[in-house]
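S.K.: build me a model from this:
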Amino acid sequence: MERTQKYANRLSAMIQSETVSTPNQTDISKFYAFHTLLKREFPLLFSTCKVEDFSGSLVLRWQGKASENPVCFMNHMDVVEATGNWRYPPFQGEIAEGKLWGRGALDTKGGLFAMLQSAEELIKEGFIPAQDIYFVSTRTEEVGGAHAQIIVEEFLKRNIRFSFVLDEGGMIVTEPMKGAQGNYAMVGVGEKGYANIKFTARGKGGHASAPGKNTPLVRLGCFMAAVEKRSPFQTYLSPTVSETFSVIGKGMKKGPVKFLLTHNRAFRSILKRVMPAVSPQGAAMLRTTLAFTMASGSNGANVLPEEAYVIADMRYSHHQGLEGSVAAVKKVAEKYGVETEVLNPGVSSSLTDYASPAFALVSEGIQKVFPQTAIVPYLMTAASDSRFFSALSDSCLRFSPFVIDNAQLGSVHGADENVNVDNLAPAVDFYKFVMQTFS
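M.R.: Numbering: from 1, shown residues only. Prediction:
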């Protein structure tokens, strides 16, 4: 109980130090205030490690007995804005109802705390890691990850490669798909690429009192409806996603969904058709997705636009990639006289083998600290800083050691973000196990 309270107070202080990031941020003084807080809360770690500052992002190197095969642990320090109605103020770090409330509790100051606290305790115990350990915490993860890319480029110049990287990612959930029973540790072995695509339709414009047919907005509407009605992207059941469905299926009660998931390779054609109804998240692992998020037309209610556009968020699959995915949707756009432009191509990252030693180590740590938990390799549909680190390691994993319910999962980037305080000690124990066990 005393340990839990100490941990909760420390994380509360981290949440109270507001670190909202915004695009093109110039005043970064609050991030340096956060650095000061970290140095105060984790004095042994900061005095033991070599500390590097990348314009407000931090890299710490804890020297081990050898430096040939270092490992890297990551959790970003920046958070998104805290809009909406909150039960407790988002930057107060309130400890109530058995939970710690505030922006960043799960994404990812909770993970950052557990990562640094574990190292602080190991240093106090006199532990020296087998290999160098790097800790990376950026201030730009929520706004595109520019600093992660800068750090990777610097590491490449130094010829640094990691035996494995462990970043934020999936957590321990009780029902990853409806009907699944028990606890499931969702360990991300990769993530889809992320791109922004602009679709533009042009016309003659004019007064809205005498509209012609197929004006720009109408063509854009028809195009979007066509994409939503029939996806132009290739569906593929990869070995990773097959394993995801198989492990989750084993935890379900008898029924057609259980049978389909546990025999997914034999019935993949049926699975591809029914998965959107079974689990939208599961369906997103099978192919590229496109979500229309922004739009613009004319500046007047009585004016036909000469140009109108929509912008879409594309999460492209490994099997089709950016080029293939853009080509597929461009073919549909051309039918409606709509132009396609890639605004931001994103970063393509590799998949980690779920039979790798790194995955086995993380799985062992999960089972030791969270017994009777099924380990699920899965493909993340969201983006993390670790996508850049594929250039430095063949084993990039994404897992945050917290047990959460559906409400907590929904609070990430939403209102009332919180973490159970009794999760903090197990999270620290998980990181300590991994740091002590790798070789």
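
S.K.: what sits against residue 13?
M.R.: 37, 41, 93 (Cβ atoms under 8 Å, 6 or more residues apart in numbering). For every residue, glycine as well, the C-beta is placed using N, CA and C.

S.K.: most surrounded residue in those residues?
M.R.: In terms of neighbours by other Cβ atoms under 10 Å, those top out with residue 93 at 24 neighbours.

S.K.: so what's it closest to, chain neighbours aside?
M.R.: Once flanking residues are discounted, residue 93 sits nearest to residue 12: 3.3 Å by Cβ to Cβ, 6 or more residues apart in numbering.

S.K.: what of residue 324?
M.R.: In space, residue 324 comes closest to residue 234 once its chain neighbours are excluded; the distance is 7.5 Å by Cβ to Cβ, 6+ apart.

S.K.: ok, the one you found to residue 171 distance?
M.R.: Per Cβ to Cβ, to the nearest Å, residue 234 is found 30 Å from residue 171.

S.K.: more crowded one of these two?
M.R.: For residue 234 versus residue 171, neighbours defined as other Cβ under 10 Å are more numerous around residue 171 (23 against 14).

S.K.: my read is that that one contacts residue 405, right?
M.R.: No: counting by Cβ atoms under 8 Å, residue 171 stays clear of residue 405, with 10.3 Å between them.

S.K.: and the contacts of residue 13 as JSON lines, adding secondary structure, distance to residue 275 and pLDDT?
M.R.: As requested, those are exported to JSON lines (DSSP: H, G, I helix; E, B strand; the rest coil; distance: Cβ to Cβ, whole Å; pLDDT from 0 to 100):
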{"residue": "37", "secondary structure": "helix", "distance to residue 275": "45", "pLDDT": "98"}
{"residue": "41", "secondary structure": "helix", "distance to residue 275": "44", "pLDDT": "98"}
{"residue": "93", "secondary structure": "coil", "distance to residue 275": "40", "pLDDT": "98"}
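
S.K.: how deep is residue 25 tucked in, by neighbour count?
M.R.: Neighbour tally, residue 25, other Cβ under 10 Å: 15.

S.K.: do you know how far it is from residue 343?
M.R.: Distance of residue 25 to residue 343, given as Cβ to Cβ: 20 Å.

S.K.: returning to what we had before: closest one of the contacts of residue 13 to residue 133?
M.R.: residue 41 (18.5 Å; Cβ to Cβ).

S.K.: ok, the closest one touching residue 14?
M.R.: Yes: Residue 41 is in contact with residue 14 according to Cβ under 8 Å; the separation is 7.5 Å.

S.K.: the residue nearest to residue 324 - that's part of a helix, no?
M.R.: No: counting by DSSP: H, G, I helix; E, B strand; the rest coil, residue 234 is located in no helix; its state is coil.

S.K.: what's it in contact with, if anything?
M.R.: By Cβ under 8 Å, 6+ apart, residue 234 lies in contact with 287-288, 317, 319-320, 324, 328.

S.K.: what's the burial count for residue 371?
M.R.: Residue 371 has 8 neighbours, counted by other Cβ under 10 Å.

S.K.: from residue 416, how far off is residue 36?
M.R.: 28 Å.

S.K.: which one of the two is surrounded by more residues?
M.R.: Between residue 36 and residue 416, counted using other Cβ under 10 Å, residue 416 has the larger neighbour count: 20 against 10.

S.K.: from residue 232, how far out is the residue of the chain most remote from its centre?
M.R.: Going by Cα atoms, centre = their mean, the residue of the chain most distant from its centre is residue 210, 48.3 Å out. The gap separating residue 210 from residue 232 is 35 Å, by Cβ to Cβ.

S.K.: now do the contacts for the nearest residue to residue 90 once chain neighbours are set aside.
M.R.: The shortest distance from residue 90 to any non-neighbouring residue, by Cβ to Cβ, 6+ apart, is to residue 82 (3.4 Å). For residue 82, the contact set (Cβ under 8 Å, 6+ apart) comprises 20, 90-91, 103, 415, 417.

S.K.: could you pull out the helices for the stretch 51-200 of the chain?
M.R.: Ranges of helices within the stretch 51-200 of the chain are 109-124, 146-157, based on DSSP state H, counting those that start in this stretch.

S.K.: so which of those gets nearest residue 364?
M.R.: helix 109-124 (15.7 Å).

S.K.: now stretch 261-271: average pLDDT?
M.R.: For stretch 261-271, mean pLDDT rounds to 94.

S.K.: pull out the buried residues from that stretch.
M.R.: Within stretch 261-271, the residues that count as buried by 16 or more other Cβ atoms under 10 Å are 261-262, 264, 268, 271.

S.K.: again with stretch 401-408
M.R.: Those would be 401-404, 408, for stretch 401-408 by 16+ other Cβ under 10 Å.

S.K.: good, wrapping up.
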